[in-house]
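Student: Here's my sequence, what's the structure:
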Amino acid sequence: MTEHAPGHTQPKIKANRFIDFAKVYPGTIEIDFYLARSITQALGKTDDRLLFFTVMVCSQSLREGHSCLQVSEWAGHSYYENETNNHENDSGFQFPSKKEWCQHLNTLSISPAAGHPIVYENSRFYFRRYWLFEDELANAIKRFTRSLTFDEDKAESALNLLFNSNERVDWQMVSAANALDKQFSIVTGGPGTGKTTTVTKLLITLCEVFSKAFNIKMVAPTGKAAQRLTESIQSAKKSLEGVSGISEISLSSVPQEATTIHRLLGVIPNHYEFRYNQRNKLTLDILLVDEASMVDLPLMARLFRALPENARVIFLGDSNQLPSVAAGSVLADIAPVPHPGYSVENVRLMNKLTGYTLPQSKDNAIDYLTTLTKSYRFKEDGGIGRLAKSIIEGQSNISWEQLRQPDNEVCLSTEVNFSIWLNKLVSSFYLVLHRQKDAASALSEFSKFRILAATRVGEKGVDSINAAIDRYVKRTLGLPANTLFYHACPILITENNYECGLYNGDIGIIWKHEGRLKAAFPDGSDGLCWFSLSRLPKYEFVYAMTIHKTQGSEFNALALVLPDYISPILSRELLYTGVTRARSTLEINSSKRIWVAGVKKKVSRNSGLYNKLFLDSDQISLL
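Tutor: Just a heads-up that it's a prediction; the model follows:
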């Protein structure tokens, strides 16, 4: 029999030990139990079963990436129900209706001002730490969303110099123009829409308009993302060299190298604080944050905490891609899709600077956000473009039919035997690596193709695929099965090593160099860095990668593998991210059941950040 709330009328939690509690609620995670017990004890509410289970599911929600517990999502649902348990009040706990639950939480005096380790606010239940992060970030963004003055005539001249498009609306030009009078701005867009090219021109435009060599810093969430940003910015700068009218000061102000957010803030070993914080601010004029969708709530709050009050902040990212691994979905919260439109004043300014008339919104205008729409990676009406659109719109059956009707870009694997299919890919794309003339050529060849998997475990997970390919390559090349390293073996670094200059996500290749096997990695300037194998930080084979690991990357050809079971990790955001890594051709190995389930599931993370930024107190009180 399922027990019912409200919690203040229920008896005490019967089990004081997790082992006893887990017999009744075997799905419980140990940390959830002890956290709930300690908080209810600290508040003197050990009899309050509803509060106890509220803390438990809040802890569970945090592990799932939510920054808070949304009461409406659990209202009326059972935490656990054991159908074989016949003991009264021992078969599960059912949460009450939203109204009854909220009324009970309101009686507990756990508002933000109360100072307790838990916070209840506007139908959301938080651990105080995450409420503080969210509130701090919302207030920081509000402080940074202020207008700045600039010379509009000089801006028109700079924009016309850097942008020359025949598009109906050149959103790259609009993105640059829209950032000129804003301390905080966001440029979003799908894969291959030219975000880094745009932001390079944006930074140069700022320098030209203000006739100043700004102190600019560029960061990304991971070492690999920082490396990709470095390469993209260097390429964009090179293409602008020699353009008449651009001053050398403006061009040289754009940095040659990006770093990680952690390195910018200054990691202190064995400490949760960074060297740069609210008491020790960073020294910079402009901060560019790439792959902003990957930045979690706590890190984003700490980043804003360390910014000087007069700094400009520019975010780049794709709201449709996977959110951060840790709690929060900051970019999705502050860059809603579709764009609601701009204010009357901003429409006027953009029309003067660019000649374009932008969509207007009287009630929900978001001026700091611009979205790039044209993809230069693949055609929107091609197979990859159409499939990506169907996925992100949740059209599960339509997208599956697109796979069943292959074109010159996208196809569905027809090979029944997974091992045979895998070996064919290896023969076509990977066995050629050891025949390349040098390591640089091998890395270049390797970068053209990749196998992506949704999961790490299972027959179709990354670990099994890499192991299977490793065995097949050794067998084909006539190497002993127990060979650890061999010529032309690609590897992926899985931990940051600042001493070596190798970071999580860096890809290299084992190569016979000067008579010995060594590891070669790109050095960021068309050269290679060589490492003895004994110096390598943790690594793994990288014939196959998880989709998560490839955010921001692109490959000419791609094979996408989904598991044989419906994994909790599957979602339309995951599939969209995977599919859009391909430039030219894409082959997918999946059953209809798994594909449809993935496209149907949308990642939705609970937070109050959007409401705090865009809704007034009267609107919030109605939620």
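Student: Tell me how many other residues surround residue 486.
Tutor: For residue 486, the count of nearby residues is 16 (other Cβ atoms under 10 Å). Heads up, the C-betas are built off the backbone N, CA and C, glycines and all.
Student: Next, give phi and psi for the residue lying closest to residue 261 once chain neighbours are set aside.
Tutor: Nearest non-adjacent residue to residue 261, counting by Cβ to Cβ, 6 or more residues apart in numbering: residue 219, 4.8 Å away. Note on residue 219: backbone dihedrals following degrees, to the nearest 10 are phi -140, psi 160.
Student: Quick check: bridge partners of residue 219?
Tutor: residue 259, residue 289 (DSSP bridges).
Student: so who does it touch?
Tutor: With contacts defined as Cβ atoms under 8 Å, 6 or more residues apart in numbering, the neighbours of residue 219 are 226, 258-261, 264, 287-290.
Student: Just the helices from the stretch 51-200 of the chain, written as ranges.
Tutor: Using DSSP state H, counting those that start in this stretch, the helices found in the stretch 51-200 of the chain span residues 71-74, 98-106, 128-144, 152-162, 171-179, 195-210.
Student: got TSV for the ones you listed, with distance to residue 541 too?
Tutor: Shown next, in TSV, are these (distance: least, Cβ to Cβ, whole Å):
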stretch	distance to residue 541
helix 71-74	40
helix 98-106	49
helix 128-144	37
helix 152-162	43
helix 171-179	39
helix 195-210	29
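Student: Quick check: which of these is nearest to residue 374?
Tutor: helix 171-179 (7.3 Å; Cβ to Cβ).
Student: still on that earlier bit, now render the helices of the stretch 51-200 of the chain as JSON lines, adding mean neighbour count and mean pLDDT.
Tutor: Listed next are these as JSON lines, based on neighbours: other Cβ atoms under 10 Å; pLDDT from 0 to 100:
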{"stretch": "helix 71-74", "mean neighbour count": "19", "mean pLDDT": "91"}
{"stretch": "helix 98-106", "mean neighbour count": "16", "mean pLDDT": "94"}
{"stretch": "helix 128-144", "mean neighbour count": "19", "mean pLDDT": "94"}
{"stretch": "helix 152-162", "mean neighbour count": "18", "mean pLDDT": "89"}
{"stretch": "helix 171-179", "mean neighbour count": "26", "mean pLDDT": "93"}
{"stretch": "helix 195-210", "mean neighbour count": "24", "mean pLDDT": "90"}
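Student: In contact with residue 398: list those residues for me.
Tutor: Residue 398 neighbours (Cβ under 8 Å, 6+ apart): residue 390.
Student: right, and residue 456 touches residue 546 too?
Tutor: Yes. Contact criterion Cβ atoms under 8 Å: residue 456 and residue 546 qualify, at 6.2 Å.
Student: how many neighbours does the closest residue in space to residue 265 that isn't next to it in sequence have?
Tutor: Setting aside the residues directly before and after it, residue 265 is nearest to residue 274 in space (Cβ to Cβ, 6+ apart), at 3.8 Å. For residue 274, the count of nearby residues is 20 (other Cβ under 10 Å).
Student: so what's residue 274 up against?
Tutor: 262, 265-268, 302, 306.
Student: Could you provide those in JSON lines, with additional columns for distance to residue 540?
Tutor: Shown next, in JSON lines, are the contacts of residue 274 (distance: Cβ to Cβ, whole Å):
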{"residue": "262", "distance to residue 540": "22"}
{"residue": "265", "distance to residue 540": "28"}
{"residue": "266", "distance to residue 540": "29"}
{"residue": "267", "distance to residue 540": "23"}
{"residue": "268", "distance to residue 540": "28"}
{"residue": "302", "distance to residue 540": "29"}
{"residue": "306", "distance to residue 540": "33"}
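Student: export these to a markdown table and tack on neighbour count, distance to residue 355 and pLDDT?
Tutor: Formatted as a markdown table, the contacts of residue 274 follow (neighbours: other Cβ atoms under 10 Å; distance: Cβ to Cβ, whole Å; pLDDT from 0 to 100):
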| residue | neighbour count | distance to residue 355 | pLDDT |
| --- | --- | --- | --- |
| 262 | 18 | 42 | 88 |
| 265 | 20 | 41 | 91 |
| 266 | 14 | 44 | 88 |
| 267 | 15 | 46 | 81 |
| 268 | 10 | 50 | 79 |
| 302 | 21 | 41 | 95 |
| 306 | 22 | 39 | 94 |
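Student: Now the common contact residues for residue 456 and residue 546.
Tutor: Common neighbours of residue 456 and residue 546, counting by Cβ under 8 Å, 6+ apart, are residue 462.
Student: Would you pull up how far the helix or strand containing residue 250 lies from the middle of the chain?
Tutor: Assigned by DSSP states H and E, residue 250 belongs to helix 248-253. On the basis of Cα atoms, centre = their mean, to the nearest Å, the separation between the geometric centre of helix 248-253 and that of its chain is 31 Å.
Student: go on, stretch 260-278?
Tutor: Distance, centroid of stretch 260-278 to centroid of chain: 20 Å (Cα atoms, centre = their mean).
Student: End to end on that stretch, go ahead and measure it.
Tutor: End-to-end distance for stretch 260-278: 19 Å, by Cα to Cα, to the nearest Å.
Student: And residue 212, how far from residue 150?
Tutor: 11 Å (Cβ to Cβ, to the nearest Å).
Student: Please apply the same query to residue 114.
Tutor: Distance from residue 114 to residue 150, counting by Cβ to Cβ: 45 Å.
Student: now residue 257
Tutor: Counting by Cβ to Cβ, the gap from residue 257 to residue 150 is 28 Å.
Student: One more: residue 37?
Tutor: Distance of residue 37 to residue 150, given as Cβ to Cβ: 57 Å.
Student: Then residue 216?
Tutor: 17 Å.
Student: which of these two has more neighbours?
Tutor: Between residue 216 and residue 150, counted using other Cβ under 10 Å, the more crowded position is residue 216 (18 against 14).
Student: What about residue 244, how many residues nearby?
Tutor: Number of residues near residue 244 (other Cβ under 10 Å) recorded here: 5.
Student: which of residue 456 and residue 546 has more neighbours?
Tutor: In terms of neighbours (other Cβ under 10 Å), residue 546 is the more surrounded of residue 456 and residue 546; the figures are 18 against 15.
Student: so that one bridges to which residues?
Tutor: With DSSP bridges as the criterion, residue 546 is bridged to residue 453.
Student: Report the rounded mean pLDDT for stretch 34-45.
Tutor: The average pLDDT within stretch 34-45 is 92.
Student: In that stretch, which residues are buried?
Tutor: For stretch 34-45, a neighbour-count test (16 or more other Cβ atoms under 10 Å) marks 35-37, 39-40, 43, 45 as buried.
Student: Next: stretch 337-348.
Tutor: Across stretch 337-348, burial judged by 16+ other Cβ under 10 Å covers 339, 341-342, 346-347.
Student: So which of those is the closest to residue 558?
Tutor: residue 339 (29.1 Å).
Student: Tell me who's in contact with that closest one.
Tutor: Counted by Cβ under 8 Å, 6+ apart, residue 339 has contacts 359, 366, 369-371.
Student: Ok, residue 39 next?
Tutor: Counted by Cβ under 8 Å, 6+ apart, residue 39 has contacts 55, 117-118.
Student: If any of those are buried, put those into a PyMOL selection.
Tutor: Here is the PyMOL command that selects the buried residues among the contacts of residue 39 (16+ other Cβ under 10 Å):
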select buried, resi 55+118
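Student: from the contacts of residue 39, which single one is nearest residue 472?
Tutor: Minimum distance to residue 472 across those is 49.8 Å, recorded for residue 55 (Cβ to Cβ).
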